[in-house]
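Asker: here is the input, now give the coordinates:
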Amino acid sequence: MREVDIKVGLAIKVETTIEQVKDVLPNIHHLVVFTGKLGHNGGEFRADCLEKIGQARAINSALEIAVDGGVNQETARLAIEAGADLLDVGSFIHDADDPEIAYIAIDAIANGTS
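Answerer: Residues are numbered from 1 along each chain as shown. Coordinates of the predicted model:
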């Protein structure tokens, strides 16, 4: 993949520890940390998963790290404060009365303007 300039990523579920994937982290560009149960739109956010961001970054400081699962205005702020670079947001926007306003709110948090 590197020979054809394709970036490599990994997604880890709630149950997966950084210890379990530490050997591959130096070789990837992107990490998705699931903070909710995979496949459950609007699921509960697991704040304890945020510690994986710092643990992963200690192994590969260049990692782009995303958080996915239960992201809303409150949890987005927690993820950004924990060091997430990207927020994968689904039901918060999709189920909102006004998806545009929901997007603007999350975008402001992600960009530090809120």
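
Asker: what about the helices in this structure?
Answerer: 18-21, 51-59, 73-82, 91-94, 99-110 (DSSP state H).

Asker: per-residue pLDDT, residue 95?
Answerer: What the model reports as pLDDT for residue 95 is 93.

Asker: hmm, back to that, pipe the helices of the chain into TSV and attach distance to residue 31 and mean neighbour count per row.
Answerer: Every residue, glycine included, has its C-beta placed from N, CA and C. Output for the helices of the chain, formatted as TSV (distance: least, CB to CB, whole Å; neighbours: other CB atoms under 10 Å):
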stretch	distance to residue 31	mean neighbour count
helix 18-21	8	13
helix 51-59	6	17
helix 73-82	13	18
helix 91-94	21	17
helix 99-110	17	15
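
Asker: in CSV: the ones you listed, plus distance to residue 27.
Answerer: Output for those, formatted as CSV (distance: least, CB to CB, whole Å):
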stretch, distance to residue 27
helix 18-21, 11
helix 51-59, 11
helix 73-82, 23
helix 91-94, 32
helix 99-110, 27
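
Asker: residue 32: which of the ones you listed is closest?
Answerer: helix 51-59 (10.5 Å; CB to CB).

Asker: and the contacts of that closest one?
Answerer: The contact list for helix 51-59, computed with CB atoms under 8 Å, 6 or more residues apart in numbering, reads 12, 17-18, 22, 25-26, 31, 33, 63, 65, 67, 79, 82-84.

Asker: rerun at 6 Å
Answerer: Residues from elsewhere that reach helix 51-59 (CB atoms under 6 Å, 6 or more residues apart in numbering): 18, 22, 25, 31, 33, 63, 65, 82-84.
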